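>>> Here is the input, now give the coordinates:
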Amino acid sequence: MSIEGKEITQLPSALPAILRDAEVLKFKMASAPQTGSLLRTLAASKPGGRLLELGTGTGVGTAWLLDGMDATARLETVDNDEAAVAVARKHLSRDPRVTFHLADGADFLRASAGRHFDFIFADAWPGKFSHLEMALSLLAPGGVYVIDDLLPQASWPEGHGEKVPPLIAALERRADLYCTRLAWSTGVVVAVKRV
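As a prediction, the model looks like this:
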């Protein structure tokens, strides 16, 4: 890794094949390597943890999370893009620690009321720009909530940029979270639910 933090080594073994298939699919919203490295590190801090990824995409973030998880941790990952999820399943479904859900993120959050996760990576609009309260209600005490794509990028869909400042402000106003903004990768917020 370079001193600037731009070159990430020790990539998940499935990542090159996932990226090749994502390119064929013309899928442009995969997690950056720096974000992936952070996800792996944070996932490793939750041995035996229950993890949730909102926005599977083609499985790039999923691969990083699995790479950091121990043998007893479990990951549920949710997306409504069938073609993208097919790529993730193709390369990662043999791992018994992951469960794929082809579903709308908001519907999944509603159906999960009362459950708790030790780690949530919200990489889709539901759980981030919408249904934030629902997602945070699933976060266990001491649980980690991560969002990225907070610094301007050419790949942002229309309306993304205007939603970022109110989202960050909403997270930082909460008395039940400790939040840290990071100018890392595509712009990240890491929040931990206070015990």
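>>> Can you name the residues bridging to the residue nearest the centre of the chain?
By C-alpha atoms, centre = their mean, the chain has its centre lying nearest to residue 121, at 3.0 Å. Beta bridges link residue 121 to residue 53, residue 146, judged by DSSP bridges.
>>> shaky segments in this protein?
By pLDDT under 70, the weakly predicted segments of the chain are 1-6.
>>> one more time with 90, if that's ok
1-9, 26, 28-31, 152-161 (pLDDT under 90).
>>> ranges for the helices of it?
Taking DSSP state H as the test, the helices found in the chain are 15-25, 33-44, 60-68, 82-92, 105-111, 132-137, 160-173.
>>> Show me what the last one is packed against.
The helices and strands touching helix 160-173, judged by 3 or more C-beta pairs under 8 Å, 6 or more residues apart in numbering; DSSP states H and E, are helix 132-137, strand 177-182, strand 188-193. Where C-beta positions appear, they are placed from N, C-alpha and C, glycine not excepted.
>>> swap in the fourth one?
Here helix 82-92 touches helix 15-25, helix 60-68, strand 74-79, strand 98-102, going by 3+ C-beta pairs under 8 Å, 6+ apart.
>>> Tell me what angle that helix forms with helix 60-68.
Per axes from the mean of the first three to the mean of the last three C-alpha atoms, to 10 degrees, the angle that helix 82-92 makes with helix 60-68 is 20 degrees.
>>> Could you pull out the buried residues of helix 82-92?
84, 85, 86, 87, 88, 89, 91, 92 (16 or more other C-beta atoms under 10 Å).
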